[in-house]
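>>> give me the fold of what follows.
(one chain, ligands or ions: 1)
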Amino acid sequence: MSQLKTYAERAALHKNPSAKRLFELMERKQSNLSASVDVTTKAELLRITEAIGPYIVVLKTHIDILSDFDADTAVQLTRLADKHDFLIFEDRKFADIGNTVKLQYSSGVHKIASWAHITNAHIVPGEGIVKGLAEVGVPLQRCLLLLAEMSSKGSLATGEYTLEALRIARRNKDFCVGFIGQRRLEGLIPNETGEEEDFIYMTPGVQLGSKGDGLGQQYRTPREVVLECGCDVIIVGRGIYGSGDLVENAKVYQKAGWDAYLERVGR
Ligand code: 6AU
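Next up is the predicted model:
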């Protein structure tokens, strides 16, 4: 059961360079925190990232909400990722046919594949979306997460849809290294290959002291997500940048996520 293994042990199970790096990074920084910095200017994004960089393993962006994105934004994010040792996850939620997502991933003003180590996709269009993204991402050593479940109330990503995400990921393991989801899925369908498998679960909808945001978002605590549901990386947005002291908030979530992980693996 990979959820009982340490992040360091799991690094060895991954061939994808970005996935392997993520596990190594978690162990090195003693953090399983991804910060979602959903702000609308470049200056704000860089200011917050500089402040919380030491405490996170993944910076999650929504690059299309920046009103002043330019090529230098990506240069600066990459500089901060090198300085503070974290990966960049562009939360693009691709959702079109393979040929279109290939262009959206590689081109346009954002050129996502050129700077984001991780991105994600819905499986609504079927497996072609993974094939299209892989044509761009694999040569660049990037990785993909599939949206198997969502944190929002009334999400339609349930049941058979969620299981199909697992099947697609199993068939595309070189690129598709895990899921956006609310719990571990491997046990839901037997793994017929008999080979040891390991997926990364990155989980949004995490906040201490709030249950929701009035627009459908639903929150759980780091402990519920990591210890009770076996997820690996907590994604925290407004819990960090929403109010109070950024650095203090980041430290609180880093500790809460890490303590839950230590308890899970019995260390
Ligand atoms: O902590 P919050 O609620 O301020 O922000 C949560 C972040 C947002 C969402 O776009 C994203 O997580 N998200 C996702 C992702 C990461 O794909 C999926 C989901 O089911 N729920 C969710 O909130 O940037």
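
>>> where do the helices sit along the stretch 151-267 of the chain?
159-171, 222, 238-241, 246-265 (DSSP state H, counting those that start in this stretch).

>>> quick one: distance of the longest one to the chain centre.
Meaning helix 246-265. 16 Å (C-alpha atoms, centre = their mean, to the nearest Å).

>>> which strands and helices sit next to that helix?
Counting contacts by 3 or more C-beta pairs under 8 Å, 6 or more residues apart in numbering; DSSP states H and E, helix 246-265 packs against strand 33-36, helix 42-52, helix 222, strand 233-236, helix 238-241. Placement of C-beta: from N, CA and C, glycine included.

>>> Serialize those to JSON lines and add fields for mean neighbour count and mean pLDDT.
Below are the helices and strands packed on helix 246-265 laid out as JSON lines (neighbours: other C-beta atoms under 10 Å; pLDDT from 0 to 100):
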{"stretch": "strand 33-36", "mean neighbour count": "26", "mean pLDDT": "98"}
{"stretch": "helix 42-52", "mean neighbour count": "18", "mean pLDDT": "98"}
{"stretch": "helix 222", "mean neighbour count": "27", "mean pLDDT": "98"}
{"stretch": "strand 233-236", "mean neighbour count": "28", "mean pLDDT": "98"}
{"stretch": "helix 238-241", "mean neighbour count": "22", "mean pLDDT": "98"}
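
>>> which ones are touching the residue in the chain that the ligand sits nearest to?
Here the chain gets closest to the ligand at one residue, Gly237, 2.5 Å apart by C-beta to the nearest ligand atom. Neighbour list for Gly237: Ala35, Ser36, Val37, Asp38, Lys60, Pro204 [criterion: C-beta atoms under 8 Å, 6 or more residues apart in numbering].

>>> can those residues go into TSV with extra columns for distance to Leu45?
Below are those laid out as TSV (distance: C-beta to C-beta, whole Å):
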residue	distance to Leu45
Ala35	11
Ser36	11
Val37	6
Asp38	9
Lys60	11
Pro204	18
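
>>> from the residues you listed, which two are the most distant?
Between any two of the contacts of Gly237, the greatest separation by C-beta to C-beta is 13.1 Å, found for Val37 and Pro204.

>>> now stretch 221-228 - C-alpha only, CSV.
Included here for stretch 221-228 are C-alpha records, laid out as CSV according to Å, rounded to 0.1, in the frame of the first residue of the first chain:
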residue,chain,number,x,y,z
THR,A,221,-8.6,19.9,7.2
PRO,A,222,-5.1,18.7,6.3
ARG,A,223,-5.5,15.8,8.7
GLU,A,224,-8.8,14.6,7.1
VAL,A,225,-7.2,14.8,3.7
VAL,A,226,-3.7,13.3,4.4
LEU,A,227,-4.3,10.9,7.3
GLU,A,228,-7.9,9.8,6.8
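
>>> please see if that stretch touches the ligand.
No. Stretch 221-228 stays clear of the ligand (C-beta under 6 Å from any ligand atom), getting no nearer than 11.8 Å.

>>> and among the helices of the stretch 151-267 of the chain, the most buried is which?
helix 222 (a mean of 27; mean count of other C-beta atoms under 10 Å).

>>> which residues touch that helix?
Here helix 222 has contacts from Val206, Leu208, Ile234, Tyr253, Ala256, Gly257, Ala260, using C-beta under 8 Å, 6+ apart.
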